[in-house]
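Visitor: what follows is a protein structure lacking sequence information:
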């Protein structure tokens, strides 16, 4: 039984040393090469006196070096913290400080940007930079005593921390979610099982490694001996052209990628014989987009997924059910148990809205150095007190139908309360997205003396459609009840997004309409 | 960095417009999307700029990594398109 993150890579490097592990532009790296790179990172860190549990920040472009760095950190017995490459230098410094990172693995350009902060980051003792495939020292604390390293992977077990993922909250500072080796490896195991992956499968890795599902894709690919294409999202056309050229078998995306991908021209002109499945996570895909993908890719299975970082992935919808239940987020993935609980901690009836609560071995250890927030999120299972059974409160409102399928209703902290009604922004948004001119939509609540909150809608129109407020209002009047009618409509050239590609609601609520 | 006319115009745009994020020591071979210089939204702004500045037309099908991966690649695409426009 493999229970540590780097053991998947170690085994694949032994079983398939020459097989393709990573694709990066024209570069092809075998398992043997990636494993050698990870070992070099691990040796470098241990040579610098790494102790078990030390945090190792990885601040790199999506690249083979990033992958080698995080596996090397795990192999050395450390905890990797991935910094999204597009973080500003203030945000990066915040994560470095909050995580207490002792090591930073980066590139010369990013090291240059952060240089002035190094001294004030008290925990930081060494910065290493990648130049091509060589790792060298760039900065080191003067008083550094190079104590002998007592780490290495033989001191680890499945309950030790593997990584801290910083969630890009739409408001406030990001929080670090502590994930154990067991959380990560069991999640990869579950995903591989229901997606029926096999050795040699080629996965499209467009999601960042600092995004939970991005990391799961990498971990799964290395578990079953497949390969991952490292790529940033540029356009729908580019995504699908690469998928076609590289004979991709599995494509993991989020709505901001899959909507333009579904409209790409190459999808209409070519047959994607190799594309076995597409997965969507990180937000609801409009039903029209599902239908278009199904029509253009009749042989491809489409999976709706749902998960939150604090319990490392939660549910998926069996593609066979997609037609009948296009808006469901499905049922629990293997190794997760999901409840819908009311405010008193009792299980809800079918159709009743409650909070989604997850139990089982995927539940994280909560937030790094934040016991108060952790105590709110991770609690004892309220349904019994027979033994310690920590469950994770998702902060999402959901409901279950009679057959046990789950439906996302809205974020607890994003629900709009207007004229006494509790309104899900999601419900308004999916109606707006049914308008043929609307490319993306967001509804937020804005404080209002009379109503409690007023509903503000922000829209991005498709190319060639005029910004006609009257027409949108008529559409809303046709499909939404009176209390859900937007009070303000705003047209935008583009939707403000968080680093992970989700709609930045905090920003929209702050703007006037 | 050796700078052609095309590249220096693009760099001027990157410097002027805050939507683009210019890293220190950007090279003509730096992978722009991976380095976070632009994303799928701001790249559209770059496309509009190139179309206007060099009187070329960039179609949705041209929005491929091979054309936008590095400053070098963008330059190559622009020069090729300019040549084609002149021929017509």
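Guide: Structure received. Values in this document were obtained by computation on a predicted structure and should not be read as measured data. Residues are numbered from 1 along each chain as shown, chains lettered A, B, ... in the order given.

Visitor: may I have the residues that are in contact with the most centrally placed residue in chain B?
Guide: By C-alpha atoms, centre = their mean, chain B has its centre lying nearest to residue B:74, at 4.5 Å. Going by C-beta atoms under 8 Å, 6 or more residues apart in numbering or on different chains, residue B:74 touches B:6, B:7, B:10, B:46, B:50, B:67, B:68. In short, each C-beta sits where N, CA and C put it, glycine included.

Visitor: residues of the helix or strand harbouring it that come out buried?
Guide: According to DSSP states H and E, residue B:74 maps onto helix B:71-87. Within helix B:71-87, the residues that qualify as buried are B:71, B:73, B:74, B:75, B:77, B:78, B:81, counting by 16 or more other C-beta atoms under 10 Å in any protein chain shown.

Visitor: circling back: now the two most distant members of the contacts of residue B:74.
Guide: B:7 and B:67 (14.5 Å; C-beta to C-beta).

Visitor: before we move on, the earlier item: for chain A, tell me which of the contacts of residue B:74 show up nearby.
Guide: residue B:68 (C-beta under 8 Å from any C-beta of the partner chain).

Visitor: would you turn the contacts of residue B:74 into JSON lines with pLDDT and distance to residue A:112?
Guide: Output for the contacts of residue B:74, formatted as JSON lines (pLDDT from 0 to 100; distance: C-beta to C-beta, whole Å):
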{"residue": "B:6", "pLDDT": "93", "distance to residue A:112": "26"}
{"residue": "B:7", "pLDDT": "94", "distance to residue A:112": "21"}
{"residue": "B:10", "pLDDT": "94", "distance to residue A:112": "21"}
{"residue": "B:46", "pLDDT": "94", "distance to residue A:112": "24"}
{"residue": "B:50", "pLDDT": "95", "distance to residue A:112": "28"}
{"residue": "B:67", "pLDDT": "94", "distance to residue A:112": "28"}
{"residue": "B:68", "pLDDT": "94", "distance to residue A:112": "24"}
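
Visitor: return the member of the contacts of residue B:74 nearest to chain A.
Guide: Among the contacts of residue B:74, residue B:68 lies closest to chain A (C-beta to the nearest C-beta), at 6.1 Å.

Visitor: with neighbour numbers in mind, choose between residue B:7 and residue B:67.
Guide: Higher neighbour count among residue B:7 and residue B:67: residue B:67, with 20 against 17, using other C-beta atoms under 10 Å in any protein chain shown.

Visitor: tell me what the helix or strand harbouring residue A:21 is packed against?
Guide: Using DSSP H and E, residue A:21 sits in strand A:20-24. Judged by 3 or more C-beta pairs under 8 Å, 6 or more residues apart in numbering or on different chains; DSSP states H and E, strand A:20-24 is in contact with strand A:27-30, helix A:31-47, helix A:64-75, strand A:227-230.

Visitor: picking up where we left off before, which of the contacts of residue B:74 sits closest to residue A:385?
Guide: residue B:68 (57.7 Å).

Visitor: just to revisit the earlier point, how about JSON lines for the helices and strands packed on strand A:20-24, with mean pLDDT, distance to residue B:20 and mean neighbour count added?
Guide: Formatted as JSON lines, these follow (pLDDT from 0 to 100; distance: least, C-beta to C-beta, whole Å; neighbours: other C-beta atoms under 10 Å in any protein chain shown):
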{"stretch": "strand A:27-30", "mean pLDDT": "96", "distance to residue B:20": "26", "mean neighbour count": "16"}
{"stretch": "helix A:31-47", "mean pLDDT": "97", "distance to residue B:20": "31", "mean neighbour count": "20"}
{"stretch": "helix A:64-75", "mean pLDDT": "97", "distance to residue B:20": "22", "mean neighbour count": "27"}
{"stretch": "strand A:227-230", "mean pLDDT": "97", "distance to residue B:20": "22", "mean neighbour count": "24"}
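
Visitor: the ones you listed: which one's closest to residue A:363?
Guide: Among those, helix A:64-75 comes nearest to residue A:363, with 20.4 Å by C-beta to C-beta.

Visitor: which phi and psi does residue A:250 have?
Guide: The phi and psi torsions at residue A:250 (degrees, to the nearest 10) take the values phi -140, psi 130.

Visitor: touching stretch A:6-15 from outside, list them.
Guide: Residues from elsewhere that reach stretch A:6-15, judged by C-beta under 8 Å, 6+ apart: A:2, A:19, A:21, A:31-32, A:34-35, A:38, A:71, A:74-75, A:153, A:185, A:188, A:219, A:222-223, A:225.

Visitor: so for it, what gets flagged as buried?
Guide: Buried residues in stretch A:6-15 (16+ other C-beta under 10 Å): A:6, A:7, A:8, A:9, A:10, A:11, A:12, A:13.

Visitor: nearest residue to the last one other than its sequence neighbours?
Guide: So that's residue A:13. Leaving aside its chain neighbours, residue A:13 sits nearest to residue A:35 (3.6 Å; criterion: C-beta to C-beta, 6 or more residues apart in numbering or on different chains).

Visitor: returning to that earlier point: in strands, which of the buried residues of stretch A:6-15 fall?
Guide: Among the buried residues of stretch A:6-15, no residue falls in strands (DSSP state E).

Visitor: ok, so of these, who is nearest chain B?
Guide: Nearest member of those to chain B, counting by C-beta to the nearest C-beta, is residue A:9, at 21.8 Å.

Visitor: in a markdown table, list the buried residues of stretch A:6-15 along with pLDDT.
Guide: Below are these laid out as a markdown table (pLDDT from 0 to 100):
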| residue | pLDDT |
| --- | --- |
| A:6 | 97 |
| A:7 | 97 |
| A:8 | 97 |
| A:9 | 98 |
| A:10 | 97 |
| A:11 | 97 |
| A:12 | 97 |
| A:13 | 98 |
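
Visitor: appreciated, that's everything.
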